[in-house]
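**Q** Got a predicted model here, sequence first, then my questions.
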Amino acid sequence: MSLLSHKQPANLVEIQNVSYYRGKRAIFDGLSLDIPRGKVCAIMGPSGTGKTTLLNLIAGQLLPDEGAVRFEGRVVCPCSRKRLYDTRRQIGVLFQDGALLTNLSVYENVAFPLREHTRLPEELIRQIVLMRLHSVGLRAAWKRMPSELSGGMARRVGLARALVLDPKLIVYDEPFAGLDPIAVGVILRLIRQTNDVLGITSIVVTHDVPEAEVLADLIFLISEGKVVASGSPADMQQKDSAMVRQFMQGLADGPVPFHYPGATYAEQLRAMSGT
Amino acid sequence: MNKSLQACWNSFGQFAGTFGGFQLFSLRLLPYLPKAILRPRLITEQIYSIGALSLVLTMFGGFFVGVVLALQSYSTLVEFGQVDSLGAFASEALVRELGPVVAALLFAGRAGGAVASEVGLMRATNQIAAMELMAVDPLQRIIVPRFIAGVISVPLLAAIFCTMGILGAYLVGVHQLGVDAGAFWSHIQDRVDLFEDVGSGLFKSFVFGVSASLMGVYEGYYAVPGASGVSRAATRTVVITSVWILLFDFVLTGMTMPGV
């Protein structure tokens, strides 16, 4: 009975009818999606569709104008600062560039959340930090400063730091952007392994279709403020929607036009020549 | 005409918005101050970075201000047969006025701008956002230690500035201009009052320290992410702090000057 009463919701994150406006422009207009526990979910969409804004809504950095974002069944924001920070302690975020603290070494960056949130003895902190650095293959680079790391290494250190407090959810913001193929392979493997070995849930915001197809259990395609399609990578390839086909196959023209919307060529020439 | 009025009104609105934002930011910092004392290491690190690293510049500045002050005042004092008062004259000018003001201006240029750039760069490179997402309050971890370190550092730097200035005046006055060493020091002892002169100088330094540190962290914290935003934050810090220091100096001198 007690086990039943403590049953966790099947979805770790629930986004329910969320609308978010920047000025008068609607970034999201009644967006709804659920992130199931233990899965790697890719959130994809053309540039400027608000993928990173969605991450900020999930982490409580932004407050939705309408609707609610729930983490483990509880509304993330608005709430008290203490509860918001309690929620954030269960979410690890990996920024596109790692967002390492530039005045701290690799070791101190990974130890940073432990020092801020726990009173663990130095010996234990050392063991945890080295274990996390080992898991991303950078144990030997513990003394280096962030300025001495490549883009891929910085992201791996960022991942070790995001994992150090054993979060339930890891959010990756464009983890493959600007990386060479080897580094992409390393990050792909780390995301999948981390998710499966630690039994956590992962949200990957990306517009790299091949990587998302290899990595994700579920793909959500966002466009014009709504989820236009969702499903497994295999399902997404079978969708009939023109928008899905354009995005998944990387077509230059389609529902997202090649030309920026405006007057026709002839009209613009006439207007600019003053006739 | 309408356009000019509109531009003036917009500028006033912008100024009022910035000033109000600055005051709100200052009030937001207040509850963090007692907690910051529980982590003194963060403050001492910042005292080293913004205070100790400003030491050479401050000592250099203090020494040469003292030297010039002695040279300039000697020609006047000699006319009235008061060359023995050279030490007292230089000391009073340094302790009451030049020490606090020039040390604070040097601090604003060297450390205030650096703090604004550092914090602004942390904002631009998502380090502050990363801290917030790690459930670490950047005001507590980044801003308050730098503010307290600045408030502690400026009076100490001003004291060192004055000491170096008096030393400079001594070397020029006694060893080059022939003022009697005993008279130099005894006049200082007679004229410089611990409470009225040193106390008012320290009080001024404290106020300047609060102004310079607060402006540095405020401009950095709200810097527009990007190279131009960060450089603008550093420039605004130096310019606004310098104007404040000169204005506050006028007000505080009026308040603390005996007989005014």
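**A** Noted; the coordinates are in hand.
**Q** What are the buried residues along whichever strand or helix holds residue B:67?
**A** Using DSSP states H and E, the element containing residue B:67 is helix B:55-79. In terms of neighbour count (16 or more other C-beta atoms under 10 Å in any protein chain shown), helix B:55-79 has its buried residues at B:57-59, B:61-63, B:65-67, B:69-70, B:73-74, B:77. Heads up, the C-betas are built off the backbone N, CA and C, glycines and all.
**Q** which strands and helices sit next to it?
**A** Using 3 or more C-beta pairs under 8 Å, 6 or more residues apart in numbering or on different chains; DSSP states H and E as the contact criterion, the elements in contact with helix B:55-79 are helix B:86-92, helix B:99-107, helix B:144-170.
**Q** what ranges do the helices span in the stretch 51-200 of chain A?
**A** With helices called from DSSP state H, counting those that start in this stretch, the stretch 51-200 of chain A shows them at A:51-58, A:81-88, A:106-117, A:122-135, A:151-163, A:181-198.
**Q** quick one: average pLDDT of the fourth one?
**A** Going back to what we said before, that points to helix A:122-135. The average pLDDT for helix A:122-135 rounds to 93.
**Q** Outside of the helix holding residue B:67 itself, list whatever touches it.
**A** B:83, B:85-86, B:89-90, B:93-94, B:98-99, B:102-103, B:106-107, B:110, B:157, B:160-173, B:177, B:179 (C-beta atoms under 8 Å, 6 or more residues apart in numbering or on different chains).
**Q** Please convert the helices and strands packed on helix B:55-79 to CSV, extending it with distance to residue A:60.
**A** Listed next are the helices and strands packed on helix B:55-79 as CSV, based on distance: least, C-beta to C-beta, whole Å:
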stretch, distance to residue A:60
helix B:86-92, 57
helix B:99-107, 38
helix B:144-170, 22
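**Q** and among these, the most buried is which?
**A** helix B:99-107 (a mean of 27; mean count of other C-beta atoms under 10 Å in any protein chain shown).
**Q** Not counting its neighbours along the chain, what's nearest the residue nearest to the spatial centre of chain B?
**A** Closest to where the C-alpha atoms of chain B average out (C-alpha atoms, centre = their mean) is residue B:104, at 2.2 Å. In this structure, residue B:104 finds its nearest non-sequential neighbour in residue B:208, 3.6 Å apart by C-beta to C-beta, 6 or more residues apart in numbering or on different chains.
**Q** With respect to residue B:26, which of the helices and strands packed on helix B:55-79 lies nearest?
**A** Of all the helices and strands packed on helix B:55-79, it is helix B:144-170 that lies closest to residue B:26, at 9.4 Å by C-beta to C-beta.
**Q** average model confidence for the closest one?
**A** Rounded mean pLDDT across helix B:144-170 is 95.
**Q** could you check the angle helix B:55-79 makes with the next helix or strand after it?
**A** Using DSSP H and E, the helix or strand that follows helix B:144-170 in sequence is helix B:181-191. Counting by axes from the mean of the first three to the mean of the last three C-alpha atoms, to 10 degrees, helix B:181-191 lies at 100 degrees to helix B:55-79.
**Q** Helix B:181-191 relative to helix B:144-170, how many degrees between them?
**A** Using the same axes, to 10 degrees: helix B:181-191 against helix B:144-170 is 130 degrees.
**Q** Show the secondary-structure elements that helix B:181-191 is packed against.
**A** Helices and strands touching helix B:181-191, by 3+ C-beta pairs under 8 Å, 6+ apart, are helix B:86-92, helix B:144-170.
**Q** for the first one, packing partners?
**A** Under the contact definition 3+ C-beta pairs under 8 Å, 6+ apart, helix B:86-92 sits against helix B:55-79, helix B:144-170, helix B:181-191.
**Q** show me where pLDDT drops low in chain A?
**A** By pLDDT under 70, the weakly predicted segments of chain A are A:1-7, A:275.
**Q** Close to chain B: what parts of it are there?
**A** Selection of chain A residues close to chain B by C-beta under 8 Å from any C-beta of the partner chain yields A:59, A:61, A:85-86, A:88-89, A:91, A:93, A:95, A:97, A:99-102, A:112-113, A:116-117, A:161.
**Q** Mind giving me the ChimeraX select for those, buried ones only?
**A** Entered in ChimeraX, the line below selects the buried ones among those, by 16+ other C-beta under 10 Å:
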select /A:59,61,85,88,89,91,93,95,97,99,100,101,112,113,116,161
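**Q** so what's the closest residue to residue A:205 other than its chain neighbours up against?
**A** Spatially, and ignoring its direct neighbours in sequence, residue A:205 is nearest to residue A:51 (4.5 Å; C-beta to C-beta, 6+ apart). Contact analysis of residue A:51 by C-beta under 8 Å, 6+ apart lists A:43-45, A:205, A:207, A:222.
**Q** Kindly report the same for residue B:157.
**A** Counting by C-beta under 8 Å, 6+ apart, residue B:157 touches B:51, B:54-55, B:58, B:103, B:106-107, B:205.
**Q** Flag every residue of chain B that's near chain A.
**A** Residues of chain B lying close to chain A (C-beta under 8 Å from any C-beta) are B:121-122, B:125-127, B:129-137, B:141.
**Q** Max pairwise distance over those: which two?
**A** B:121 and B:135, at 22.3 Å, using C-beta to C-beta across these.
**Q** buried sites along stretch B:33-47?
**A** Neighbour count says stretch B:33-47 has B:36, B:42-43, B:46-47 buried, by 16+ other C-beta under 10 Å.
**Q** Same question for stretch A:155-174.
**A** Within stretch A:155-174, the residues scored as buried using 16+ other C-beta under 10 Å are A:155-165, A:167-174.
**Q** Endpoints of that stretch, how far apart?
**A** From its first residue to its last, stretch A:155-174 covers 10 Å (C-alpha to C-alpha, to the nearest Å).
**Q** so how far is that stretch off the chain centroid?
**A** Chain-centre distance of stretch A:155-174: 10 Å, with C-alpha atoms, centre = their mean, to the nearest Å.
**Q** ok, now stretch B:198-207?
**A** Mean-position distance between stretch B:198-207 and its chain equals 11 Å (C-alpha atoms, centre = their mean).
**Q** Now that stretch: buried residues?
**A** Buried residues in stretch B:198-207, defined by neighbour count with 16+ other C-beta under 10 Å: B:198, B:200-202, B:204-207.
**Q** Pipe those residues into CSV and attach pLDDT per row.
**A** Converted to CSV, the buried residues of stretch B:198-207 look like this (pLDDT from 0 to 100):
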residue, pLDDT
B:198, 90
B:200, 89
B:201, 91
B:202, 93
B:204, 93
B:205, 94
B:206, 95
B:207, 94
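**Q** Looking at those, which are in strands?
**A** Assignment to strands by DSSP state E places none of the buried residues of stretch B:198-207 there.
**Q** just these now: which is nearest residue B:32?
**A** In terms of C-beta to C-beta, no member of these lies closer to residue B:32 than residue B:206, at 19.0 Å.
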